[in-house]
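> Next comes the sequence, and after it the predicted model I'd like to discuss.
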Amino acid sequence: MSNEIIAECCDSPEVHEELLSVVKRNMPDESRLYDLAELFKVFGDSTRIRILFVLFEAEVCVCDLAMVLGMTQSAISHQLRILKQSKLVKSRRNGKSIFYSLADEHVKTIIAQGMEHVEEG
């Protein structure tokens, strides 16, 4: 017995013009959809997710992140650069240290809703 999931199809082809016109009117343009897909790719790395979870709790520097996650500062810096380019984290300098935090509440909401979805299954 196979665990394969098969998508079901209609028994006979029928186009629902009213529904399609609503979809076409509301569908974002390709460049917006591409940007959204690129954003979700950033969430596709467990190290970046772990960093974001740390930043839920506190604003921290690279040294703190490296210590709590058991990683090198170089590896953390690489991931922070990606998160910063995607506007998911921001930084501020305090003396010789640079502290990182979530860019805004949207980041927390995205992760929280993703976690909720994962916990449902």
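Perfect, thanks for sending it.
> what's the nearest residue to residue 56 if we skip its chain neighbours?
Sequence neighbours aside, residue 108 is the residue nearest to residue 56 in space, at 6.2 Å (criterion: C-beta to C-beta, 6 or more residues apart in numbering). Any C-beta I mention is one placed from the backbone N, CA and C, and that applies to glycine too.
> in a helix, that's where that neighbour is, yeah?
Yes: assigned with DSSP: H, G, I helix; E, B strand; the rest coil, residue 108 falls within a helix.
> could you measure it against residue 114, distance?
If you measure residue 108 against residue 114 using C-beta to C-beta, to the nearest Å, the figure is 11 Å.
> Please apply the same query to residue 64.
Residue 64 sits 24 Å away from residue 114, taking C-beta to C-beta as the criterion.
> which of the two has more neighbours?
For residue 64 versus residue 114, the count of surrounding residues by other C-beta atoms under 10 Å is larger for residue 64: 16 against 13.
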